[in-house]
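Engineer: model this:
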Amino acid sequence: MFLRRLSLLKERIPSHKVYPFSIPAFKSLEKIEFNNSVTFFVGENGSGKSTLLEAIAYKCDFNTAGGGRNNYYEVQSSESALGDYIRLSWAPKITNGFFLRAESLYNFASHIDSLGPAAYEPYGGNSLHKQSHGESFLSIFANRFGKKGIYLLDEPEAALSPARQLTLLRIIRDLVEGGRSQFIIATHSPIILAYPAAQILDFDTSPVSQTTYEDTSHYQITKGFLENRDRYLRKLFEE
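Structural biologist: Numbers count the residues shown, from 1 in each chain. Just a heads-up that it's a prediction; the model follows:
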């Protein structure tokens, strides 16, 4: 691991009544200790997962619209709301890595196109716009990831089929082996969450707390639905 700890600078917070400090997960948060090379952020929409991941990207000097330290382009509302209120503790500090945002990948692909054909090499040799959404994700995972670094992924399952999500798990395993990479991933996917022995942080609690795979709502709801589909649908449609 490289990133060891995240601390919330509570003395700088102007008010807990304004966003993003009004998010329940942040109201009593003091620090997060990272104890694994793969950490997942889980929780409902609006629980603060992406907000904190974006803040980490900001402190890493990655483009908060998506990309690495050398990707300069702008996307409206891509600034970090929390970035100036956290401190990261490293051992050792690294500068290589990438922030993948599913919602702004189109803008990132356009940025790469604007740099000319030579810029395609780290992304499989082709424009990301000339690949399907899922293929472009995997091109980034398989080609742009690889050097020793920290990789921040915000809902990577958005463009990946279940089979491709399994492929992502293999890519993560290959990069983590030997201590070469660290991943922090915000996800709703029970498949991606199944990565062995990963640290899972629950943003539906206040403060953020560590949980197990089987105790996540993602696992419980998916398992319950698959085992009792008719009962779930009947209850859903009768309400």
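Engineer: Quick one: the strands in this structure, in order.
Structural biologist: For the chain, applying DSSP state E gives strands covering 3-8, 31-33, 38-42, 86-90, 97-101, 149-154, 181-186, 199-202, 209-211.
Engineer: tell me what the fourth one is packed against?
Structural biologist: So that's strand 86-90. strand 3-8, helix 49-59 (3 or more Cβ pairs under 8 Å, 6 or more residues apart in numbering; DSSP states H and E). All C-beta spots, glycine's among them, are computed from the backbone N, C-alpha and C.
Engineer: and those as JSON lines, adding mean neighbour count and mean pLDDT?
Structural biologist: Compiled in JSON lines, the helices and strands packed on strand 86-90 are given as follows (neighbours: other Cβ atoms under 10 Å; pLDDT from 0 to 100):
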{"stretch": "strand 3-8", "mean neighbour count": "18", "mean pLDDT": "96"}
{"stretch": "helix 49-59", "mean neighbour count": "23", "mean pLDDT": "93"}
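Engineer: how about a markdown table for these, with distance to E33 added?
Structural biologist: Output for the helices and strands packed on strand 86-90, formatted as a markdown table (distance: least, Cβ to Cβ, whole Å):
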| stretch | distance to E33 |
| --- | --- |
| strand 3-8 | 6 |
| helix 49-59 | 14 |
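Engineer: Tell me how far the residue of the chain positioned farthest from its centre lies from K17.
Structural biologist: Most distant from the centre of the chain: E238, at 35.7 Å, with distances by Cα atoms, centre = their mean. Per Cβ to Cβ, to the nearest Å, E238 is found 39 Å from K17.
Engineer: Then I23?
Structural biologist: 11 Å.
Engineer: and stretch 154-174, C-alpha only, in PDB?
Structural biologist: Only the C-alpha atoms of stretch 154-174 are listed here, as PDB (Å, rounded to 0.1, in the frame of the first residue of the first chain):
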ATOM      1  CA  ASP A 154     -15.800   5.500  -9.400                       C
ATOM      2  CA  GLU A 155     -18.400   2.900 -10.300                       C
ATOM      3  CA  PRO A 156     -16.400   1.100 -12.900                       C
ATOM      4  CA  GLU A 157     -19.300  -1.400 -13.400                       C
ATOM      5  CA  ALA A 158     -21.300   1.200 -15.200                       C
ATOM      6  CA  ALA A 159     -20.200   0.000 -18.600                       C
ATOM      7  CA  LEU A 160     -19.100  -3.600 -17.800                       C
ATOM      8  CA  SER A 161     -21.100  -6.700 -18.300                       C
ATOM      9  CA  PRO A 162     -20.900  -9.300 -15.500                       C
ATOM     10  CA  ALA A 163     -18.300 -11.200 -17.500                       C
ATOM     11  CA  ARG A 164     -16.200  -8.000 -18.000                       C
ATOM     12  CA  GLN A 165     -16.500  -7.300 -14.200                       C
ATOM     13  CA  LEU A 166     -14.800 -10.600 -13.600                       C
ATOM     14  CA  THR A 167     -12.100  -9.600 -16.100                       C
ATOM     15  CA  LEU A 168     -11.600  -6.400 -14.100                       C
ATOM     16  CA  LEU A 169     -11.100  -8.500 -10.900                       C
ATOM     17  CA  ARG A 170      -8.300 -10.400 -12.700                       C
ATOM     18  CA  ILE A 171      -6.600  -7.100 -13.800                       C
ATOM     19  CA  ILE A 172      -6.800  -5.800 -10.300                       C
ATOM     20  CA  ARG A 173      -5.200  -9.000  -8.900                       C
ATOM     21  CA  ASP A 174      -2.400  -8.900 -11.400                       C
END
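Engineer: buried set for the helix ranked longest in the chain?
Structural biologist: Longest helix of the chain, by residue count under DSSP state H: helix 162-176. Within helix 162-176, the residues that count as buried by 16 or more other Cβ atoms under 10 Å are 164-165, 167-169, 171-172, 175-176.
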